[in-house]
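predicted model and sequence below, questions to follow.
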Amino acid sequence: MAKKFIDVMDTTFRDGFQSVFGARVAMADFLPAVSAAKEAGITHFEFGGGARFQSLYFYLNEDAFAMMDKFRETVGPEANLQTLSRGVNTVTLDTGSRELVDLHAKLFKKHGTTTIRNFDALNDVENLKYSGERIAHHGLKHEVVVTMMDLPAGCSGAHDVAFYERILREILDAGIPYHSVCFKDASGTSSPQKVYETIKMARKLLPQNTHIRLHTHETAGVSVACYMAALEAGADGIDLAASPVSGGTSQPDILTMLHAVKGKNYDLGGLDVEKILKYESVLNECLKDYFLPPEAVQVSPLIPFSPMPGGALTANTQMMRDNNILDKFPEVILAMREVVQKGGYGTSVTPVSQFYFQQAFNNVMFGPWKKIAEGYGKMVLGYFGKTPVEPDKSVVKLASEQLNLKPTKEHAMDIADKDESKSLKFTRELLKKEGIEPSEENIFIAAACKEKGIAFLKGEGKVNIRKKSANAAEASAPTPRAKTPINEKYSVTVNGKKFDVEVADADGKAEIKSVKPASVAHMPPPELSPAKTTGGSGEPVKSTLPGNVFKILVAVGDSVKKGQRMFVLEAMKMEIDVNAPKDGLVTSIEVQQGQTVANGQILAKI
């Protein structure tokens, strides 16, 4: 009797990279491994989407569409190339308009995609309707998703087999076109028995030949057992990765699973152990210079209590490492438990997992429920769709007060369509102002990546890859002597008159370059980075956590009101407002846009 063929999707180049390296792997470094995977007989790849869209523009100064084209060229026309989409969020953390959702499907088809796996973190089927329709409309295969996890101990009301059956029935009743069904557990917290019963339920409910697959992570240590349970229940496909981006926060290794099914009636993709060994050898060589975070290869017994997805865990720890606050990570993970309990039980997968993490981070850094993270607050208020259960009323009240928003039951996409800044026309005009060609690709990049997308398109993108050789070179480099900064600008008052003074560096000595009468016309607009001027008197305005200065919204001489936004810091995938502590006049700006600042560092004085 022939063994049952099980389709294996190789997640190495998307979820593997995302789960282990925070999605920061350069195309030139991994393409040889793509060729090796093809030679090993792999024909189904996850090659983009998820965080492997924005990350290319944020950290690699690479074009995701160019990467997709090159990947398709490497593997040939017959391979099934799959991406991950977050329903109405597509490949961003925010809700897109219908125009953007349609453009996402159109462009991903154009750039080599065969299949889009499409999920909603809240399991709100309303968020899958239009996105699924457009995926199918543009000639792509639509893999519709039910997202899974286990609830923290003592919680109930969602994420059991009955809940998944209800969601699956809603998908079928909605008439959403689909070609396959995936049960996706990004945190790897579902128990093997629940997986078995869920796949059994789906097999009975769905048409006979429906392709059903399971996606999970090794983070909680039960992924292989869950895959075996899924196969026994009748699943047709599973997701695996290759070393060194397998296990730990990622999917089980291909070789591990081949070993697990020995003696069983399953043929995993027709794959051969010896060929996979060669492929993994090439991949290890390609990635040998990349810093491998120790947490990426660990299994955590705490994850079932505070479900943190593997695909988000290392991205968050790497950002905490960058900001020298990694010691806070265990506290944040523990704080996630309460955040999940009070947040309405949305599945811990992007973007909801990031909302959970941001709120837990705030609870640790600022005190429990003192500061509601914008994403978390909007979620409990209903702006991303309907949560599986009603969120905690006290948290909803806090979110409404702090964000100055009322709870809503309006569909998320309808809200987005009303937002002019989310229209393609708005983005097109923005590109024209910047002198950038408003091609469909450029419009999508700018709409999805905002300021960083614009910076990439203007040739101002930056590379931030964590490599061992770069770290070693940085550690061994001599500390440069302090110099007077080049082209510093100061505002000086002499006999009641203001002057703009520009100081340049001349062989380590300060030299006045120009003196001009100050005028409003010379002052930069609020959205630009004003000149750094230090030495003012007054009350200091300090950063509230480590991060980067994302925006400076005031200039020296401006009058500000208490509570007015003065700065926007960027940290942990969040934009953090720094507000004026009192009414007053801005006497100095102590930082520049893009500068890294420490917790409590003085940003300005008023």
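Sure, I can see it. In this text the structure is predicted, and so the values were computed from the model without any measurement.

other residues contacting stretch 263-277?
1-8, 39-44, 231, 238, 240, 242, 254-255, 257-258, 261 (Cβ atoms under 8 Å, 6 or more residues apart in numbering). Where C-beta positions appear, they are placed from N, C-alpha and C, glycine not excepted.

and what of stretch 158-171?
123, 125, 128, 144, 146, 148-151, 178, 181, 183, 194, 197-198, 201-202, 205-206, 345, 347, 388-389.

grab the nearest non-local neighbour of residue 360.
Using Cβ to Cβ, 6 or more residues apart in numbering and skipping the chain neighbours, the partner closest in space to residue 360 is residue 335 (3.9 Å).

which of the contacts of stretch 263-277 fall within strands?
Using DSSP state E, the subset of these located in strands is 4-8, 44, 238, 240.

scan those and report the most crowded one.
residue 240 (27 neighbours; other Cβ atoms under 10 Å).

could you dump the top helix by length along the chain to CSV, C-alpha only?
The longest helix of the chain (DSSP state H) is helix 440-457. The C-alpha trace of helix 440-457 is given here as CSV (Å, rounded to 0.1, in the frame of the first residue of the first chain):
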residue,chain,number,x,y,z
GLU,A,440,1.9,50.7,-8.2
GLU,A,441,4.9,49.1,-6.4
ASN,A,442,6.1,52.4,-5.0
ILE,A,443,2.6,53.3,-3.9
PHE,A,444,2.3,50.0,-2.0
ILE,A,445,5.8,50.4,-0.4
ALA,A,446,5.0,53.9,0.8
ALA,A,447,1.5,53.0,2.0
ALA,A,448,2.8,49.9,3.9
CYS,A,449,6.1,51.3,5.3
LYS,A,450,5.2,55.0,5.7
GLU,A,451,8.3,57.2,6.3
LYS,A,452,10.7,54.3,6.1
GLY,A,453,9.3,53.3,2.7
ILE,A,454,9.7,56.8,1.5
ALA,A,455,13.3,56.9,2.8
PHE,A,456,14.0,53.6,0.9
LEU,A,457,12.5,55.0,-2.3
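
buried set for that helix?
Using 16 or more other Cβ atoms under 10 Å as the test for burial, helix 440-457 gives 441-450, 452-457.

pretty sure the residue nearest to residue 360 belongs to a strand, no?
No - with DSSP: H, G, I helix; E, B strand; the rest coil as the criterion, residue 335 is helix rather than part of a strand.

would you format the ones in strands among the contacts of stretch 263-277 as TSV with distance to residue 114 included?
As requested, the ones in strands among the contacts of stretch 263-277 are arranged in TSV below (distance: Cβ to Cβ, whole Å):
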residue	distance to residue 114
4	23
5	18
6	19
7	13
8	15
44	9
238	18
240	18
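
on that earlier part again, give me the buried subset of the contacts of stretch 158-171.
For these, buried by 16+ other Cβ under 10 Å: 123, 125, 128, 144, 146, 148-151, 178, 181, 183, 194, 197-198, 201-202, 206, 345, 347, 388-389.

ok, the ones in strands among the contacts of stretch 263-277 vs residue 305, which is closest?
residue 238 (25.6 Å; Cβ to Cβ).

start to end distance for stretch 116-124?
The first and final residues of stretch 116-124 sit 18 Å from each other (Cα to Cα, to the nearest Å).

mean confidence for that stretch?
Computed over stretch 116-124, the mean pLDDT rounds to 98.

next: stretch 57-77.
97.

show me the contact partners of it.
Counting by Cβ under 8 Å, 6+ apart, 13, 22-27, 31, 34-35, 37-38, 43, 45, 47-48, 52-53, 56, 79, 81, 107-108, 111-113, 441, 445, 449, 452-453, 456, 461-465 sit against stretch 57-77.

please indicate which of these are buried?
13, 22-27, 31, 34, 37-38, 43, 45, 47-48, 52-53, 56, 79, 81, 107-108, 111-113, 441, 445, 449, 452-453, 456, 461, 465.

what's the neighbour count on the closest residue in space to residue 300 that isn't next to it in sequence?
Of all residues not flanking residue 300 in the chain, residue 219 sits nearest, at 6.3 Å (Cβ to Cβ, 6+ apart). Around residue 219 there are 31 other residues, counting by other Cβ under 10 Å.

hmm, residue 219 is touching residue 313, no?
Yes - counting by Cβ atoms under 8 Å, residue 219 does reach residue 313; the two are 6.9 Å apart.

okay, now the unreliable bits of the stretch 351-500 of the chain?
Within the stretch 351-500 of the chain, the set of residues satisfying pLDDT under 70 comprises 471-500.

can you list the residue ranges for strands in it?
For the stretch 351-500 of the chain, the strands defined by DSSP state E, counting those that start in this stretch occupy 488-494, 497-506.

likewise the stretch 501-606 of the chain?
509-517, 540-542, 547-552, 559-560, 565-571, 574-579, 584-585, 588-589, 596-597, 602-605.

which residues does residue 211 contact?
7, 179-181, 236-237.

what does the pLDDT read for the closest residue to residue 567 other than its chain neighbours?
Leaving aside its chain neighbours, residue 567 sits nearest to residue 578 (4.1 Å; criterion: Cβ to Cβ, 6+ apart). pLDDT, residue 578: 89.

thought residue 578 was touching residue 566?
Yes - using Cβ under 8 Å, residue 578 is in contact with residue 566, at 5.6 Å.

now do the shared contacts for these two.
In contact with both residue 578 and residue 566: 541, 603, using Cβ under 8 Å, 6+ apart.

wait, is residue 144 part of a strand?
Yes - secondary structure of residue 144 (three-state DSSP): part of a strand.

tell me if I'm right that it and residue 128 touch.
Yes - the criterion here is Cβ under 8 Å, and residue 144 meets it with residue 128 at 6.4 Å.

which residues are in contact with the helix or strand containing residue 19?
When secondary structure is defined by DSSP states H and E, residue 19 falls within helix 17-21. Applying Cβ under 8 Å, 6+ apart, the external contacts of helix 17-21 come out as 23-25, 30, 50-52, 55, 217, 244-245, 248-251, 287, 290, 292-293, 296-297, 310-311, 313-315, 466.

can you rerun that using 6 Å?
Outside of helix 17-21, the residues within contact range by Cβ atoms under 6 Å, 6 or more residues apart in numbering are 23, 25, 50-52, 245, 249-250, 290, 296, 310-311.

which among the residues you listed gets closest to residue 89?
residue 50 (10.6 Å).

what's the closest non-adjacent residue to that closest one?
Nearest to residue 50 is residue 84, by Cβ to Cβ, 6+ apart, at 4.0 Å.

got the phi and psi for that neighbour?
With angles defined as degrees, to the nearest 10, residue 84 sits at phi -120, psi 130.

residue contacts, it?
Contacts of residue 84 (Cβ under 6 Å, 6+ apart): 49-50, 117.

need the pLDDT of it.
At residue 84, pLDDT is 98.

now do it against residue 110, distance only.
The gap separating residue 84 from residue 110 is 18 Å, by Cβ to Cβ, to the nearest Å.

same question, residue 154
Applying Cβ to Cβ to residue 154 and residue 110 gives a distance of 48 Å.

look at the two and report which has more neighbours.
residue 110 (14 against 8).

how much space between the more buried one and residue 89?
For residue 110 relative to residue 89 (Cβ to Cβ), the value is 20 Å.

likewise for residue 221?
29 Å.

neighbour count: the two, which is higher?
More crowded of residue 221 and residue 89, by other Cβ under 10 Å: residue 89, with 26 against 16.

how about the strands of the stretch 101-250 of the chain, start to end?
Assigned by DSSP E, counting those that start in this stretch, the stretch 101-250 of the chain shows strands spanning 115-118, 141-147, 180-184, 211-215, 237-240.
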